[in-house]
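Trainee: what follows is a predicted structure for the sequence shown.
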Amino acid sequence: MRLLAVDLGDKRTGLATGDTTTTTCFPLEVLHIQRGDALIKAVANASREQGADAIVLGLPINMDGTEGPRAVLTREFGACVAEATDLPVHYIDERLTSYEAEHRLRGQRHGPESDALAALILLEEFMSGMADS
């Protein structure tokens with residue numbers, strides 16, 4: 001199964017792609033589009049270009065495990081993406097993925113590429129969870 005992972009941001013959104021058959025994941029790109037219809041369309045286009053069978057969307061859970069306003073916005077975005085792509089959207093806890101991305105980039109120039117790396121980490125965690133079940 002081909003997957004497209006989305007690390008949703010207000011100004012930048014990271015994308016990564018992966019395949020559950022080969023268990024490979026790759027950072028794809030960073031979209032410099034604010035949240036809204038244009039971003040939904042861009043994610044839908046990326047899912048088609050990558051031949052995605054499903055979308056994995058990072059869900060911003062509070063450190064205490066609760067969902068706050070950002071999680072609500074993310075679920076609304078996910079519903080719009082599901083409608084635009086006719087693909088299932090799976091949510092995965094994104095706590096600490098940005099930190100992990102920065103950690104992996106330690107010693108390198110930080111910037112937007114960390115958003116695509118954060119999407120890659122989401123995808124790795126999602127695929128790992130699939131293997132565990």
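Mentor: In hand now; what should we look at?
Trainee: tell me the mean pLDDT for the helix ranked longest in the chain?
Mentor: For the chain, the helix with the greatest residue count under DSSP state H is helix 113-132. Helix 113-132 comes out with an average pLDDT of 80.
Trainee: now do stretch 33-40
Mentor: 95.
Trainee: buried sites along that stretch?
Mentor: Within stretch 33-40, the residues that qualify as buried are Ile33, Arg35, Leu39, Ile40, counting by 16 or more other CB atoms under 10 Å. For the C-beta atoms, the positions are set from N, CA and C on the backbone; glycine is no exception.
Trainee: elements contacting the longest helix of the chain?
Mentor: strand 2-7, strand 13-19, strand 24-31, strand 54-59, strand 89-93, helix 97-104 (3 or more CB pairs under 8 Å, 6 or more residues apart in numbering; DSSP states H and E).
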